[in-house]
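[1] Kindly return the folded structure for what I paste below:
(2 chains)
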Amino acid sequence: MEQTPLFQLNLMLWLVWPAPTIGDVRPVFREAGFALHAIGPDLVLPLETRARTGAADIPTKERVNPDLLLAHRPAAIFLPIECKISSFGPDVLLGDAKHQARQTAALLSLTGPYLADRFGLPSANNWRGYLLYAVGGGQEAAMQVTLNELTERLRQAHVEPTASGALGIHIREDGVYLQPAADADPPLLSFPSDRAAGLKVMRLEPGDDPRPLYLIPWDPSVGASSDEYELRAVEERVRSAVIALIGSRLDATSFNVSLDEILRAAIEVWDVWRDREATAGFRNAVRAYVRRVLAQLRRLGLMIETGQDTFAFAQITPEAAQRVRRYLSSSTFRRGEIDLTSAAVQMDFGSLAEGWL
Amino acid sequence: MEVYPFTSREQVFDHLDDYARQRKEEIDRRELGRERGLIKSYLLEARQTSDDLLTAVRSMLRGIDWHVAPLNGEPFFLVRDASGPLGFLEPLSARHWMLHSTEATQRADKAVNDAVLNSAQLDFAWLAGSYFQAVWEDLILLQMPQRFVAMKFEHQARFESDGWEGRDVESDEDPGDAEQVEQRASVLAIAERSERVGYFLPRLQEIHPPFKAIKMLRIPAAGLRGGYDFWSHGKVTYRAPDFRQGRDQALSLMRLYEQVTAAIEHRLWFDAERTTLSDGSASFTFTGAPVTLVFDPPLSSATFQNLVATTFEKGQGPLRLMGNPIYLGKRKAHIYGVDLHLWQRIYLEITPARLTAVLPRGTCGNTVHRLVANIQRYVAPTVKAHIGDIGYDDLIQNIFLGRARS
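    As a prediction, this is how the structure comes out:
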């Protein structure tokens, strides 16, 4: 399989989740004592860092969101993790506001004490950081060159950078391996003496697909996925959220379901992104799907009033509840199409009157 | 209309004690007729909707053809259905309940099965083999070595063939011999002194793993002949002349069940947890852990494929899970689905070697008990379950023995 940003992100999450020692996934970050501290935390560069990088013509971003932030409290270590399919160079062309090196320079300038202070941890000055780039297998050496170069530029600009390293995610016949670049030395992780062999983090049989269950099935920052598995995973998440939220409440005579509840149930980290512009199309698509489901439920005898993003169910009889549950658990509903990606459903029609569909 | 002649819980207990004594005498004289039901308690788990028990019970039973009336203002309810009096509903908490009934087995079983099937608020309390193993090893074997113990074991390899034929209803009767589909099944019963069973059972389990799939365990009554049969689908049959003692035993197991369920939910519930930083911005992290069922030896390809296809594509079988399987090759399927017992979300990865489940916050820990009990009974009798990084067996035993780690 081709690695995708979501595959890399979810793999990293499983590596810090509690799991039995006899499982297929070996949670090496957890074994080393790390815990997940934050998902996509919103971090702002200190003013003096912005001034110094600006004076030295080092392009940076003023706000950054590493994919994951792990923390090891006893050892006082932060491990921000950024996942990338490919490496990239350190130089940013004039006017290229989206070049990834801007983000890397910003992440490198966020030190352990700064992060600890921002999260309100005691003895913030005792903390240190290590920025980890998890990249597609074979890209780690080039990524490390970029990290080293940007580190040096920041030093020359009188910004003390945090330590950093690149790890390649290698998918082999018998497993998934993390292979550090030659200069990389991530703290507390035990790599075999033959570093090129890598650290096995998932056991595979020949031909097995390495994708774990996706804890995060969708991320607006990486845009619409063209990976078939990822499209289906998020569709099934939306379907199961609708089934569960409606099906479990039908024993009441009336109840409400909101679009935000459905989005939060489908994607547990929805609130991390809910205010971002990139979520609007997805939100519209889910709203369109829910309205289609509601139209069918009305035909089964339910009274449903629709507000902007709230759906009010009323006068539910036990007989109607049984009919609706039968429908929601039917193969017809299970196999019904969900379109979350076409331009038509991603348009903003939230203000249109009910029933136009 | 038949009316219950009771005005207090004490009167009901006295009546049931007398009833238990009479039935035991009939058992001893071998005169117990099928129409004279032994006392049965059904251990039930409900979705908690309210701390107020009357509100909770009415919400729990909405959509079910049961009528409940509190007995003289006590948190103890008389239950009738369309066929007449059914029994007495007693809360352990707003979430865990017992229905005591003296109705004939067939009628009471059907009434409870139908209620569980038709409600999104109600499920059996599933006592997986690990519960029985803990009670057997840590209580009966050590404390009652001379008492007679009875056990039933049932493993039916129902997923070795395609499709799901036969019963979907929980019953303590043995499956009939007239099964139409040829399949491997082990249905075995033992009644023997505890110390003797303690000698041969570990050997039997080693030779023939279906002996790990305990479907019923009789806990001997203290100071009396007979005992109380605890079934894996949360039913207790009173075969001793003392209702109060049997109820005490059931309460003990329900307390254990409630504590284990709470510990499972505490460990497993998957959610994005929000904290607000000093500058008012938000930070999110994940809580929870996966539950992992390890199949050792791994399932055959046919069993793996039948398990996924029967459960999810055909919507059949005992697991009552729904969802569209996403196949990743021939040996792995992901299902982002729904548990139809309580209509709650569940995410599953199934391979021949493992079943990994993620329970989003709010999905009842009861799902884990049901999954383990049914997988052991119908798929793999040697299955080992892990709640995050702790063994399910260890979790139950630790809580049973009051050890710190839960």
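[2] interface residues of the stretch 151-300 of chain A facing chain B?
    With C-beta under 8 Å from any C-beta of the partner chain as the criterion, the stretch 151-300 of chain A meets chain B at residues A:205, A:207-209, A:211-215, A:217, A:229, A:232-233, A:236-237, A:239-241, A:243-244, A:247-248, A:250-252, A:265, A:268-272. Where you see a C-beta, it was placed from the backbone N, CA and C, and this is true even at glycine.
[3] Restricted to buried residues, select the residues you listed in ChimeraX.
    Those of those that count as buried under 16 or more other C-beta atoms under 10 Å in any protein chain shown are selected in ChimeraX with:
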select /A:205,208,209,211,212,213,214,215,217,229,232,233,236,237,239,240,241,243,244,247,248,250,251,265,268,269,270,272
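[4] In helices, which of the residues of the stretch 151-300 of chain A next to chain B fall?
    Cross-referencing those against helices under DSSP state H gives A:229, A:232-233, A:236-237, A:239-241, A:243-244, A:247, A:265, A:270-272.
[5] Using the three-state scheme, assign A:E149.
    helix (DSSP: H, G, I helix; E, B strand; the rest coil).
[6] and the closest residue to it other than its chain neighbours, how many neighbours does it have?
    Spatial nearest neighbour of A:E149, excluding adjacent residues (C-beta to C-beta, 6 or more residues apart in numbering or on different chains): A:P90 at 4.2 Å. A:P90 is flanked by 19 other residues according to other C-beta atoms under 10 Å in any protein chain shown.
[7] For A:P90, give its distance to A:A142.
    Distance check for A:P90 against A:A142: by C-beta to C-beta, to the nearest Å, it reads 11 Å.
[8] Next: A:R73.
    Counting by C-beta to C-beta - A:R73 and A:A142 are separated by 33 Å.
[9] Please identify which of the two sits among more neighbours.
    Counting neighbours by other C-beta under 10 Å for A:R73 and for A:A142 shows that A:A142 has the greater number, 17 against 13.
[10] Buried residues, the longest helix anywhere in chain B. List them.
    As assigned by DSSP H, the longest helix anywhere in chain B is helix B:243-268. Neighbour-count burial for helix B:243-268 flags B:243, B:245-247, B:249-251, B:253-254, B:256-261, B:263-265, B:267-268 (criterion: 16+ other C-beta under 10 Å).
[11] excluding its backbone neighbours, what's nearest B:L256?
    In space, B:L256 is closest to B:F400, 5.6 Å off (C-beta to C-beta, 6+ apart).
[12] OK, contacts around residue 309?
    This is for chain A. A:S258, A:L259, A:D260, A:R287, A:G350 (C-beta atoms under 8 Å, 6 or more residues apart in numbering or on different chains).
[13] wait, I meant chain B there
    B:D162, B:P325.
[14] how far away is the residue nearest the centre of chain B from chain A?
    The centroid of chain B falls nearest to B:W126 when counting by C-alpha atoms, centre = their mean (1.2 Å). Noted for B:W126: a distance of 19 Å to chain A, by C-beta to the nearest C-beta, to the nearest Å.
[15] For B:Q180, give me the pLDDT.
    Note on B:Q180: pLDDT of 46.
[16] can you check A:I85 too?
    With respect to pLDDT, A:I85 has a value of 95.
[17] In this model A:Q8 seems to touch it, though I could be wrong.
    Yes. Using C-beta atoms under 8 Å, A:I85 is in contact with A:Q8, at 7.4 Å.
[18] Need the residues touching each of the two.
    A:G136.
[19] Compare those two (neighbour count), which wins?
    A:Q8 (20 against 15).
[20] hey, where'd the strands end up in the stretch 51-200 of chain B?
    B:66-70, B:77-81, B:84-91, B:96-101, B:122-124, B:148-156, B:185-193 (DSSP state E, counting those that start in this stretch).
[21] Under the pLDDT cut-off, which ranges of the stretch 301-406 of chain B? List them.
    Where the stretch 301-406 of chain B drops to pLDDT under 70, the residues are B:404-406.
[22] Please repeat the previous calculation with a cut-off of 90.
    B:313-320, B:341-342, B:361-365, B:389, B:403-406 (pLDDT under 90).
[23] show me where it has helices.
    Along the stretch 301-406 of chain B, counting by DSSP state H, counting those that start in this stretch, helices occupy B:301-308, B:366-378, B:392-400.
[24] Serialize those helices to CSV and add fields for mean neighbour count.
    Below are the helices of the stretch 301-406 of chain B laid out as CSV (neighbours: other C-beta atoms under 10 Å in any protein chain shown):
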stretch, mean neighbour count
helix B:301-308, 18
helix B:366-378, 24
helix B:392-400, 20
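[25] B:H341 is nearest to which of those?
    With C-beta to C-beta, the closest approach to B:H341 among the helices of the stretch 301-406 of chain B belongs to helix B:366-378: 6.9 Å.
[26] pLDDT (mean, whole number) over stretch B:211-229?
    pLDDT averaged over stretch B:211-229 gives 93.
[27] let me fix that: stretch B:74-84
    On average, stretch B:74-84 scores 91.
[28] Now do the end-to-end distance for that stretch.
    22 Å (C-alpha to C-alpha, to the nearest Å).
[29] go on, stretch B:297-304?
    End residues of stretch B:297-304 are separated by 12 Å (C-alpha to C-alpha).
[30] which non-adjacent residue is nearest A:R287?
    In space, A:R287 is closest to A:L259, 5.6 Å off (C-beta to C-beta, 6+ apart).
[31] For that neighbour, list the residues it contacts.
    Residues near A:L259 by C-beta under 8 Å, 6+ apart: A:R283, A:V286, A:R287, A:V290, A:D309, A:T310, A:F311.
[32] Nearest to chain B among those residues?
    Using C-beta to the nearest C-beta, A:V286 is the member of these that lies nearest chain B, at 14.6 Å.
[33] which SSE is that closest one in?
    Using DSSP states H and E, A:V286 falls within helix A:280-299.
[34] cool, B:L293 as well?
    Assigned by DSSP H and E, B:L293 falls in strand B:291-294.
[35] List the strands paired with that strand, with their directions.
    Strand pairing for strand B:291-294, determined by DSSP bridges: strand B:354-358 (antiparallel), strand B:384-387 (antiparallel).
[36] got a list of contacts for that strand?
    Contacts of strand B:291-294 (C-beta under 8 Å, 6+ apart): A:19-20, A:22-23, B:264, B:268, B:353-359, B:368, B:371-372, B:375, B:383-388, B:392.
[37] Using CSV, write down the CA coordinates of it.
    Below are the C-alpha coordinates for strand B:291-294, written out as CSV (Å, rounded to 0.1, in the frame of the first residue of the first chain):
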residue,chain,number,x,y,z
VAL,B,291,-9.9,-4.4,23.9
THR,B,292,-8.0,-7.2,22.3
LEU,B,293,-9.2,-10.8,21.9
VAL,B,294,-6.4,-13.2,21.0
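[38] Just checking the distance from that strand to the centre of its chain.
    18 Å (C-alpha atoms, centre = their mean, to the nearest Å).
[39] mind checking how far the residue nearest to A:R287 is from chain B?
    Taking C-beta to the nearest C-beta, one finds A:L259 at 17 Å from chain B.
[40] mind checking the backbone torsions on that residue?
    A:L259 adopts backbone torsions of phi -60, psi -40, taken as degrees, to the nearest 10.
[41] Likewise for the one 4 residues further on?
    Note on A:L263: backbone dihedrals following degrees, to the nearest 10 are phi -70, psi -40.
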